[in-house]
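1. next comes the sequence, and after it the predicted model I'd like to discuss.
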4 protein chains.
Amino acid sequence: DRPLVLVAGPCVIESEAATLRHAERLLTICNGLSIPLIFKASYDKANRTSIGGFRGPGIKDGLKILAKVKDSLGLSVLSDIHSIEQVAPAAEVLDVLQIPAFLCRQTDLIIAAAQSGRVINIKKGQFLAPWDMKNVAAKAVASGNENIILTERGASFGYNNLVVDMRTFPIMRATGFPVIFDATHSVQLPGGQGECSGGQREYVEYLSRAAVAAGIDGIFMEVHEDPDKALCDGPNSIPLDDLPTLLKLLKSIDALVK
Amino acid sequence: DRPLVLVAGPCVIESEAATLRHAERLLTICNGLSIPLIFKASYDKANRTSIGGFRGPGIKDGLKILAKVKDSLGLSVLSDIHSIEQVAPAAEVLDVLQIPAFLCRQTDLIIAAAQSGRVINIKKGQFLAPWDMKNVAAKAVASGNENIILTERGASFGYNNLVVDMRTFPIMRATGFPVIFDATHSVQLPGGQGECSGGQREYVEYLSRAAVAAGIDGIFMEVHEDPDKALCDGPNSIPLDDLPTLLKLLKSIDALVK
Amino acid sequence: DRPLVLVAGPCVIESEAATLRHAERLLTICNGLSIPLIFKASYDKANRTSIGGFRGPGIKDGLKILAKVKDSLGLSVLSDIHSIEQVAPAAEVLDVLQIPAFLCRQTDLIIAAAQSGRVINIKKGQFLAPWDMKNVAAKAVASGNENIILTERGASFGYNNLVVDMRTFPIMRATGFPVIFDATHSVQLPGGQGECSGGQREYVEYLSRAAVAAGIDGIFMEVHEDPDKALCDGPNSIPLDDLPTLLKLLKSIDALVK
Amino acid sequence: DRPLVLVAGPCVIESEAATLRHAERLLTICNGLSIPLIFKASYDKANRTSIGGFRGPGIKDGLKILAKVKDSLGLSVLSDIHSIEQVAPAAEVLDVLQIPAFLCRQTDLIIAAAQSGRVINIKKGQFLAPWDMKNVAAKAVASGNENIILTERGASFGYNNLVVDMRTFPIMRATGFPVIFDATHSVQLPGGQGECSGGQREYVEYLSRAAVAAGIDGIFMEVHEDPDKALCDGPNSIPLDDLPTLLKLLKSIDALVK
């Protein structure tokens, strides 16, 4: 088992300057702790609760900014893709193509992403059992790509709530693919604020510690230098200032269980 | 309140002949009972559990067959759309564009479907609370289309199981849009057979009676002349032979509660 | 299938006068509709959310009041029992001993109640699957009593919420025992008001119609002449004034499906 | 924060010899690791799925055996109580009176247990939200006993399944009372084998690591020298031979997060 990887960044690309600033700070933090970093930011939030929610700069400008992060800082970059048309341009820039949880059952999108040759990170739908991800991964494998990552981001638990079942990690890891825990989306309260999703930032720390102790390959967190001013998912993003202490603890737990 | 409408047809277009045969039998049944019919069949099952599942004839051939159903029998036709690219060709033929449950949060798809001017039927995601559909519908309304139908097809209830919460119907009807109960997908056991979804056909009757009594505008059922030979969703499809008796009872219940 | 039975009464015995007044009004309503009535009221609410909640007159005084209802009005009476010690005195008065949902797995209580020879009504725990009630009923049968009724009052659905799965009714009726739907406890929001349980009275009507249409033997409702002044479970009790219209509709639906 | 405590023992008292043998082995293991031990075994399994399940020696003989464990080994002992009548005799022997999860809302049982002056360990019902335990604990406090422990043993998640929500631990610890994680009952599949509950022993390790990392005061495990021959709950008991390695790891994780 290799040591824990971090996938992190702001929920959405707010601007080129902000994105680079977040990437630099993350890189400094991760270098200090010898934690491999994959930078994440979305160019388009395609499934906001409300039509008025901020969606980002769009694929063209967004990919340019991510390419700049990659070139200037030497970071691997990851972002969501939402349609087959996005696969080709995204695969030119991104190291990891991420399939959003709601889209994990869209066969053609999985196949197109797999055929790009890039690593693909498939988020488990909130409506799926952990063992169902075996069939999802098999669609990518059948398309000739075994560089697959599976990500847990919580399962539907009644209305407007998610629960993270820690059995998910050993079950999904039994596929042989690396498994990531998305700590910040797992504390979302979907639709819980009426016009947008709420979040419980205060539980990110507890769930992260638990997931790392259960055994995972990487942890995914949306971070922000000032979450209360974030244009998206502020309620569940964690402040950059809090990250070093948390990561240090997670790294120690990871070392114990691996 | 207008009387109950039926949306029905085989899960997938198996062939032109089979599709027309099913449409004719459905029309005969509905005419006999004075129940308005919208014919439903999918041209592409885009989210099968397993990559090897039968997916249908594709959009081009599928729409041709649905056009023939429409022209030869005078029926309104409904089918799923899975991407923005499908909206234009689908809208030329279909009377109702259906947004699949997994895609109900894809804002651009809702907008594109709404802008086509056709009626759009949005299935509630298994991961959504009934009151969350107000925000989903608002995306279509903001795009200039108020001809919206909302459909319930079960909510995630633990793993590999769905539950139909009858409170859903009055809650969704409070939006002012007509509400349909999808009786056959609601008895699916998602992923429940390992490589494909199971189904509990025997409960369609009970759930249908309950939903109509709770108060709905229409009922959606996948039917088949021989469900055990169906190429898709056989375990939850109901035999055409059983339909007249069931519909007659549903119509009586509907008359009582409206 | 015999016609629908009503089990109804105030949640708790508030006073002798109030109990008799409710029983008389219920009897008048049911006689007018030819619906068999079993009168229900609790002498002790043993599991209030908060220690300060009103609990009732206790078993001794409570049974005296229920005996008066029985003698003066000729009604069958039903009440909860919470311990083995309560079985003997309760069985002297009550026609039906009710096992509360939280206690449905307490083997000795089931056995003691069964051995009293009275009819026993076992509520399905919020934590049980409908098919699990077969084992519960078997404990009573093994104790020599086959006069068993099974009651559904909702299943845990996330936190502070219940859902009624309409598949429950055919599944529990397959045991051969009569099945009752507890419409008012099913709309509780357990613990949902912090210090007490909330309730959604407005859904009683929809769930009742649905359950009767799915097929049940009886319906259970807590009623009150003035629910907002009820000492217990007001938020989910239905006003006596609303009962005749609802029962008339339920009786019509019942006649259709039986 | 004090270091992790272990509550462990066989599910049920199978015999005096077996009980003493298990207690001695547990004590040796815990002494070797400097982990405080509370010995647990039930004298009566009052809520088996099926009436034919083995229930134990009963309260009288069972308490004698537990007194022997206490006297001969100097261990604190814990066991379940199921009725008010059991409180007095149990409190003579037991250091900790445990309220079973199904009974956590029985106000009189909580009060009687609290008034005994012994420590009381209240298991959270599978049907309760973690924040609801505040009201449960308040009943004991109002009865003059603040020596309360709260235990998580999983929440209902669909049918025949439980999920452990790791947010439960910080939420329940916010009451100020120590919180224990019952690792072996949390992997039960209630009623999942038809006539008895199934269990997933293989997940005890993962859930334990996760819960300790999330932050708890103690861990509860049912152990057996030969789980496949256990008279109760074998499928979720863990072999005594596996315990030292697991405890050592849990102790290390606990040290990291406290």
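-> Done, it's in.
2. the helix or strand bottoming out on mean pLDDT in chain A close to chain C?
-> Using mean pLDDT, DSSP states H and E, strand A:198-199 stands out as the lowest-scoring helix or strand of chain A, at a mean of 81. No - Strand A:198-199 does not reach chain C (Cβ under 8 Å from any Cβ of the partner chain); its nearest approach is 14.3 Å. Just so you know, the C-beta spots here come from the backbone N, C-alpha and C atoms, and that holds for glycine as well.
3. that strand: how far from the chain's middle?
-> Mean C-alpha position of strand A:198-199 versus that of the full chain (Cα atoms, centre = their mean, to the nearest Å) differs by 17 Å.
4. partner strands of that strand and their direction?
-> Take DSSP bridges as the rule and strand A:198-199 pairs in its sheet with strand A:188-189 (antiparallel).
5. residue contacts, the residue in the stretch 151-258 of chain A positioned nearest to chain C?
-> Here the residue of the stretch 151-258 of chain A nearest chain C is A:Gly158; by Cβ to the nearest Cβ that distance is 1.4 Å. Contacts were defined as Cβ atoms under 8 Å, 6 or more residues apart in numbering or on different chains; by that measure A:Gly158 touches C:157-159, C:161.
6. just the element for the closest residue to it other than its chain neighbours, please.
-> If the residues on either side of it in the chain are set aside, A:Gly158 comes closest to C:Gly158, at 1.4 Å by Cβ to Cβ, 6 or more residues apart in numbering or on different chains. Here C:Gly158, judged by DSSP states H and E, is contained in no helix and no strand.
7. list phi and psi for C:Gly158.
-> phi 70, psi -160 (degrees, to the nearest 10).
8. just the pLDDT for it.
-> Residue-level confidence at C:Gly158 comes out at 98, pLDDT.
9. one step back: which two of the contacts of A:Gly158 have the greatest separation?
-> Comparing all pairs in the contacts of A:Gly158 by Cβ to Cβ, the longest separation belongs to C:Phe157 and C:Tyr159, at 8.8 Å.
10. ok so, going back, got a list of contacts for the least confident helix or strand of chain A?
-> Residues lying outside strand A:198-199 but in contact with it, judged by Cβ under 8 Å, 6+ apart, are A:160, A:184, A:187-189, A:192, A:233-237.
11. for the contacts of A:Gly158, give me a markdown table that also has distance to A:Val12.
-> Shown next, in a markdown table, are the contacts of A:Gly158 (distance: Cβ to Cβ, whole Å):
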| residue | distance to A:Val12 |
| --- | --- |
| C:Phe157 | 32 |
| C:Gly158 | 28 |
| C:Tyr159 | 30 |
| C:Asn161 | 32 |
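12. of those, closest to chain D?
-> The closest of the contacts of A:Gly158 to chain D turns out to be C:Tyr159 (Cβ to the nearest Cβ; 3.6 Å).
13. residues contacting that closest one?
-> With contact taken as Cβ under 8 Å, 6+ apart, C:Tyr159 is in contact with A:157-158, A:161, D:129-130, D:155.
14. which of these lies closest to C:Val204?
-> Looking at the contacts of C:Tyr159 and their distance to C:Val204, the nearest is A:Gly158, at 20.2 Å (Cβ to Cβ).
15. list the buried residues for stretch A:138-158?
-> Across stretch A:138-158, burial judged by 16 or more other Cβ atoms under 10 Å in any protein chain shown covers A:138-140, A:143, A:145, A:148-158.
16. now the element after the biggest helix by length in chain A, going C-ward?
-> When every helix of chain A is counted residue by residue (DSSP state H), the longest turns out to be helix A:16-33. Remark: after helix A:16-33, the chain's next helix or strand is strand A:37-40, criterion DSSP H and E.
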